[in-house]
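>>> got a structure for you, letters missing:
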């Protein structure tokens, strides 16, 4: 990748960081968390694709990167399923 | 031609090794992200309260520092590819310095928490209605930023090593960028969610 | 047989005899041997703990040991057997030895990391042994909170650290295998020409890499909570003890697939070799390995059905647990179909493979019983569960390890063991195993809890049978130690391919040279290309 690309991407990530901080001071009616995480995910993706050069990499590193995110999701979603649904169904016999 | 192919093959093998290692790091931090998510869901108000105890300015400065350091790291890799040895060394030192700035600011933050009695287990003097929930938040804060700081320290050490000894810079850069990516998520999770609660 | 004696030819064992050459080796074959010695030592250690437990359980209110010591014994047994024997066994011994050979490579992708993984294992093992001997730990290998974080008075922090350390050995091994299999296959060796042993090791490595770090961070949190006296799992803070269980089992359930998948891989190789047929449904078996690895990550909640976790989660995990049985069943059907009309030769490795199929099937079926919520409510925490996982781990996995050890023994050592003694040992192990663990299914069904040092009188006869079986099993395990070691000195010299089997590992000398092959092998056909019958 060219130095220009690196510079542009870095500037973009910096900008997104500042936007994210600014948005945190604004009331987004319940969507603050989603917005902040979406911005963070975008920043991470930019770094992964351009700085970590996934754009130029073969299929295997891309699958590895995607798999790690997917597996983290399994852990979080599976655990949260337990935590959030404890009141849904009664435990038989209790 | 065969030597060039062999070199490329070796580099790609090392890169795959590093990506696989980074996947394990995602899962290592993942355990902490899970604990954080669970307690944030159960105690949203307490966690927001805890978040407000952090210094957002310092957190933002640190974010900028790391993002710039990723830029310098990328510059180092590009300079290495062009054989610009002196530039490589200068930029690597700059990267390491930025990392040290981050760690210094973090140490400053930790010192503030200690002085204010916000360190669970070591110096905890917070007493409000949701003190327990705030303590869980601070546990998450110290665990996540602490683990991140350990990784950053190792990264800084490796960058300094690379300024003197031949290293596969592309591989080291992957690790450095990963440390940046983790912080990119720590910023909103720890610093930003308290402002609207 | 070759007219050259073993000693006159240079191979990886005699290329250098200095201790330095062993302790600083980067040869995957020597590292495999180092691992073999280490895990055998740990197996004996874990076995002693089990023997002490079975002795205690001869009497209903046996007082061979006091209750806390009994707790320390079953913790020692679990910690050692899971992390220091079962998880490293096939991957670090047979895997390390065979992966480069089977793909036609000179070594693994990162030989120095390979050596590092062994040193990490040794440090973890020595540290853990010291802790277990010096005071021990009584939380069970599962370290449930808040007992482990607050109430236990034993060496929780140190044991957690020992396991934390050895986890990195696992991670490095998995990393090496993944990169090696992706990047170093011989020309012509496409993915669907790989021996099934490699498919299963690849799947195992995926699990090792994605699951172990979660255990690492969880154990660190437990240790930190003990040291700081405050932490994530502390109920006094509003902490959720089930958070520990979710994090712990997210690793520990896939861990059981780390333990069994390599055994399935070995079984595929043994069945093909001793039926002299390609494995039936090769592609399905290969894909089933990956399916087990993936689905295995989605079922961890079935360890928490009665712990207070949500009933909704319990339902999801129960259904998913039924799903994960399907690829395992596919493998059992395919192995059976491979045997059908094969040219069966009842050599010792096949005896172990057949034992694996039968005992793994029983263990697996009882796993389905446990996956059913209604049944699990009754038998959770009883000997039924203990019998279930021992049928899989000992009846399955350990027998697969023994089978693989015997099958590849000539390749590793250049010697043939005594076939009669080997068969005697295999049969002894099979009989001793069933006598030890089948009564435990009944005991569990009748309600005897696990991890109890005393029990009601009416359970004594079954316990006595179980202990009797354990002593027979112990004899069965000692026999190979004797005749395998004896073969090193007095065994017949083996040629390159004593079984006339197919596979790149059989196309080089026994033992192989330091760099495995004289010339880069090229693959031009499917695996297991035995002559049509």
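That came in fine, so what should we check first? Bear in mind the structure is a predicted one, so any value in this text is a computation, not a measurement.
>>> so who does the residue in chain B positioned nearest to chain C touch?
Nearest residue of chain B to chain C (Cβ to the nearest Cβ) works out as residue B:121 at 2.9 Å. Where C-beta positions appear, they are placed from N, C-alpha and C, glycine not excepted. For residue B:121, the contacting residues are C:227-231, by Cβ atoms under 8 Å, 6 or more residues apart in numbering or on different chains.
>>> number of nearby residues for the residue of the stretch 201-350 of chain C found nearest chain B?
For the stretch 201-350 of chain C and chain B, the shortest gap (Cβ to the nearest Cβ) falls at residue C:228, measuring 2.9 Å. Look at residue C:228: counted by other Cβ atoms under 10 Å in any protein chain shown, it has 17 neighbours.
>>> so where does the closest residue to residue C:164 other than its chain neighbours fall, helix or strand?
Spatial nearest neighbour of residue C:164, chain neighbours left out: residue C:219 (4.9 Å); criterion: Cβ to Cβ, 6 or more residues apart in numbering or on different chains. Under the criterion of DSSP states H and E, residue C:219 resides in helix C:196-228.
>>> buried ones in that helix?
Neighbour-count burial for helix C:196-228, counted by 16 or more other Cβ atoms under 10 Å in any protein chain shown, picks out C:196-226, C:228.
>>> now swap in stretch C:505-514 and tell me
Going by neighbour count (16+ other Cβ under 10 Å), the buried part of stretch C:505-514 is C:505-506, C:508-512, C:514.
>>> Ok, stretch C:493-504 next?
C:493-494, C:496-499, C:501-504.
>>> in which helix or strand would I find the residue nearest in space to the middle of chain A?
For chain A, the residue nearest the mean C-alpha position is residue A:41 (3.1 Å; Cα atoms, centre = their mean). Using DSSP H and E, residue A:41 sits in helix A:32-46.
>>> downstream neighbour of that helix in the secondary structure list?
Per DSSP H and E, the first helix or strand lying C-terminal to helix A:32-46 is helix A:59-84.
>>> Would that next one count as contacting chain B?
Yes - on the criterion Cβ under 8 Å from any Cβ of the partner chain, helix A:59-84 is in touch with chain B at A:60-61, A:64-65, A:67-69, A:71-72, A:75-76, A:79-80, A:83-84.
>>> Could I have the buried ones of those residues as ChimeraX selection syntax?
This is how ChimeraX selects the buried members of the residues of helix A:59-84 next to chain B, with burial counted by 16+ other Cβ under 10 Å:
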select /A:60,61,64,65,67,68,71,72,75,76,79,80,83
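>>> now, which of the residues of helix A:59-84 next to chain B lie close to chain C?
Contacts with chain C within the residues of helix A:59-84 next to chain B, counted by Cβ under 8 Å from any Cβ: A:60, A:67-68, A:71, A:75, A:79, A:83-84.
>>> Which one of these is nearest to chain B?
Ranked by distance to chain B (Cβ to the nearest Cβ), those are led by residue A:68 at 3.7 Å.
>>> from the buried residues of stretch C:505-514, which is closest to chain A?
Comparing those against chain A with Cβ to the nearest Cβ places residue C:505 closest, at 25.2 Å.
>>> burial of residue A:51, as a residue count?
Count around residue A:51 with other Cβ under 10 Å applied: 27.
>>> shouldn't it be in contact with residue B:76?
No - judged on Cβ atoms under 8 Å, residue A:51 makes no contact with residue B:76 at a distance of 11.4 Å.
>>> and for the two, which residues touch both?
residue B:173.
>>> coming back round to it: state the three-state secondary structure for the residue of chain B closest to chain C.
coil (DSSP: H, G, I helix; E, B strand; the rest coil).
>>> Now the helix or strand encompassing residue B:65: average pLDDT?
For residue B:65, the host element (DSSP H and E) is helix B:56-81. The pLDDT scores in helix B:56-81 average 96.
>>> Ok, stretch C:288-307 next?
96.
>>> gap between the two ends of that stretch?
Its first and final residues considered, stretch C:288-307 spans 31 Å by Cα to Cα, to the nearest Å.
>>> returning to that earlier point: which outside residues touch the helix holding residue A:41?
Defining contact as Cβ under 8 Å, 6+ apart, one finds that helix A:32-46 is touched by A:9, A:12-13, A:16-17, A:19-20, A:23-24, A:26, A:28, B:181, B:184-185, B:187-188, B:192-193, B:195-196.
>>> Please apply the same query to stretch A:70-83.
Against stretch A:70-83 from outside (Cβ under 8 Å, 6+ apart): B:23, B:26-27, B:30-31, B:33-34, B:37-38, B:41-42, C:210, C:214, C:240, C:242-243, C:246-247, C:250, C:297-298, C:300-301, C:304, C:309-310, C:312-313, C:316.
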